[in-house]
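> Output the structure for:
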Amino acid sequence: MDFGGPLVVHRVYLLEGSEYLTNKAEVRTLPFPTNQIRSDAFNSFTQFDGVVSTKQTITATLHFAPHNLQYVNLNYFDPEPVTPNADYQEDTGTIFHRWAIGNSLLTSTFSGTRDATNVEPQTPGEMVLSAVGNSGSYFGRRSRQATRYQWLETLNSGPIKWHGKHFVQVGSVVAHAEDEGAFSGTTTQIQDASGHLLRQINFTEAGSFDLADLEPAFYAQDHWLIGDRLAVDFGMRAEAQTLTSTKRLAPRTGFSWTPPSAGPTVIRGGIGG
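You can find the predicted model right below:
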């Protein structure tokens, strides 16, 4: 389903696209009706465009995509009770603001992304692994969620005349990321074809992790046009990470040159850190 149009004439516009997908995959080595892997997914993208003034515009987007799987990896050796269900969720939202200041353009961007995964067995219980087929219940539970928020500011200047033309771009980035999750497992038995216990796996208490990182950065670049045949670029980027306690400084430069009477030939080169 797709639709779009103005919400407020000459001011606010909407664009929406969405789809629902369902799929059933048959496992022919298992009897009906306990032989189907089911997948259900919804995907939606929404965009709003707003005209604030003749020099300012705003764009907001939202992507929403949940996905559910039932009886993951269903097969002859792993019937329905031994398979897990899995839920996936991906959400992304972004806001762009563009502002023309004189002959320069200031772009502000704020975005956030969330990815989540959850894997669970059909019922609680132990799992039995055997050469003639597995039984019991799936052994593990797992959950994980990762988020990232980012704020970018970019200023693109108009042409600055000084021994040619300079097009300067400066910008900053501040990003915050988090990753957290947990896993727990139940007792798993390994048996031979006759049902005799060969080995037993006992999991310790549930494990979890929770990490966070702050990543600030700043960059500047000058695209210098010297005449009609030579262009030179100079740039510098400085960034840091709190998770790894590192700081980096990355200079870079490059050029492109069109030799006289060389037709479409262009020579380019560059170096950077």
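
> Tell me the strands beside the strand or helix carrying residue 268, with direction?
Residue 268 belongs to strand 267-272 when assigned by DSSP states H and E. Strand 267-272 sits in its sheet next to strand 246-257 (antiparallel), going by DSSP bridges.

> and the strand it pairs with, average pLDDT?
For strand 246-257, the mean pLDDT works out to 93.

> cool, and stretch 163-181?
In the prediction, stretch 163-181 has an average pLDDT of 95.

> Run a quick neighbour tally on residue 62.
For residue 62, the neighbour count with other Cβ atoms under 10 Å is 15. To be clear about C-beta, it is placed using only N, CA and C from the backbone, and glycine gets the same treatment.

> hmm, I was thinking of residue 136
A count of nearby residues for residue 136, using other Cβ under 10 Å, gives 19.

> Just say helix, strand or coil for the residue of the chain positioned farthest from its centre.
Seen from the C-alpha centroid of the chain, the residue lying at the greatest distance (Cα atoms, centre = their mean) is residue 194, 47.8 Å away. Following DSSP: H, G, I helix; E, B strand; the rest coil, the label given to residue 194 is coil.

> how close does the residue nearest to residue 269 when sequence neighbours are not counted get to residue 99?
Leaving aside its chain neighbours, residue 269 sits nearest to residue 255 (5.8 Å; criterion: Cβ to Cβ, 6 or more residues apart in numbering). Distance, residue 255 to residue 99, by Cβ to Cβ, to the nearest Å: 32 Å.

> again with residue 225
25 Å.

> Leaving out chain neighbours, which residue sits closest to residue 107?
Closest residue in space to residue 107, ignoring its immediate chain neighbours: residue 154 at 4.6 Å, by Cβ to Cβ, 6+ apart.

> same question, residue 185
Distances taken as Cβ to Cβ, 6+ apart place residue 203 nearest to residue 185, at 3.5 Å, with adjacent residues excluded.

> Doesn't that neighbour lie inside a strand?
No: counting by three-state DSSP, residue 203 is located in no strand; its state is coil.

> Touching, it and residue 187? I think so.
Yes: shown here, residue 203 and residue 187 form a contact pair, counting by Cβ atoms under 8 Å, at 7.3 Å.

> quick one: what helix or strand has the residue nearest the centre of the chain in it?
Nearest residue to the geometric centre of the chain (Cα atoms, centre = their mean): residue 113, 6.8 Å. For residue 113, the host element (DSSP H and E) is strand 104-121.

> Can you list the strands that the helix or strand following that strand pairs with?
Per DSSP H and E, the first helix or strand lying C-terminal to strand 104-121 is strand 127-130. Note on strand 127-130: by DSSP bridges, its sheet partners are strand 135-136 (antiparallel), strand 188-191 (parallel).

> mind listing what's buried in strand 127-130?
Under the neighbour-count criterion of 16 or more other Cβ atoms under 10 Å, strand 127-130 has 127-130 buried.

> One more: stretch 13-32?
Applying 16+ other Cβ under 10 Å to stretch 13-32 flags 13, 27, 30 as buried.

> Now the common contact residues for residue 203 and residue 187.
residue 139 (Cβ atoms under 8 Å, 6 or more residues apart in numbering).

> where does this structure have low pLDDT?
Within the chain, the segments meeting pLDDT under 70 span 262.

> Please enumerate the helices of it.
Taking DSSP state H, the chain contains no helices at all.

> Give the full set of residues in contact with residue 2.
Applying Cβ under 8 Å, 6+ apart, the residues contacting residue 2 are 16-18.

> rerun that using 6 Å as the cut-off
By Cβ atoms under 6 Å, 6 or more residues apart in numbering, residue 2 lies in contact with residue 17.

> One more: residue 212?
residue 178.

> Next: the one 5 residues further on.
Residues in contact with residue 217 (Cβ under 6 Å, 6+ apart) are 173, 239.
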